[in-house]
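**Q** Sharing a model prediction with you, sequence too.
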Amino acid sequence: MKKRVLQITTIQEIADVLTGIDHPLAQIWGQNDIIKKNIAISFDYWLEDTGIPITLTEFVEQYLAHAEYLGEMFWSGIDQNSG
């Protein structure tokens with residue numbers, strides 16, 4: 001039986017991805033370690049639990065696209081109508 005090695009995504013990796021995304025929340029999230037940690041942990045669980053391949057950039061973009069459903073911590077700081 002082949003043992004699967006779990007890779008742990010860092011908040012720096014999340015920050016690097018956010019830097020390259022043109023979205024009103026990307027810069028805000030890039031300054032918030034709690035949000036970056038949450039995204040990193042969620043990404044790791046996604047890969048481990050589903051086995052569905054997705055890049056880190058695609059995962060972060062999905063978070064950004066659905067920020068209004070993730071709770072106030074994720075969408076506060078922007079005009080909801082500008083999203």
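**A** Right, received. Where do you want to start? Numbers count the residues shown, from 1 in each chain.
**Q** Could you count how many residues lie near Met73?
**A** 13 (other C-beta atoms under 10 Å). C-beta here means a position set from N, CA and C on the backbone, and glycine is covered the same way.
**Q** give me the element it is part of.
**A** In this structure, Met73 is located in helix 72-75 according to DSSP states H and E.
**Q** What of Lys36?
**A** Going by DSSP H and E, Lys36 is in helix 33-50.
**Q** in the helix or strand following that helix, what counts as buried?
**A** Using DSSP H and E, the next helix or strand after helix 33-50 towards the C-terminus is helix 56-65. The neighbour-count check on helix 56-65 (16 or more other C-beta atoms under 10 Å) flags Leu56, Phe59, Val60, Glu61, Tyr63, Leu64 as buried.
**Q** Could you point out which of those is nearest to Met73?
**A** Nearest to Met73, judged by C-beta to C-beta, of these is Tyr63 at 11.9 Å.
**Q** which residues touch the residue lying closest to the closest one once chain neighbours are set aside?
**A** Closest residue in space to Tyr63, ignoring its immediate chain neighbours: Ile39 at 5.7 Å, by C-beta to C-beta, 6 or more residues apart in numbering. Ile39 is in contact with Ile14, Trp29, Phe59, Val60, Tyr63, counting by C-beta atoms under 8 Å, 6 or more residues apart in numbering.
**Q** give me that answer again for 7 Å
**A** The contact partners of Ile39, taken as C-beta atoms under 7 Å, 6 or more residues apart in numbering, are Ile14, Val60, Tyr63.
**Q** Is it correct that the second one is in contact with Thr19?
**A** Meaning Val60. No. The pair Val60 and Thr19 does not pass the contact test of C-beta atoms under 7 Å, sitting 10.6 Å apart.
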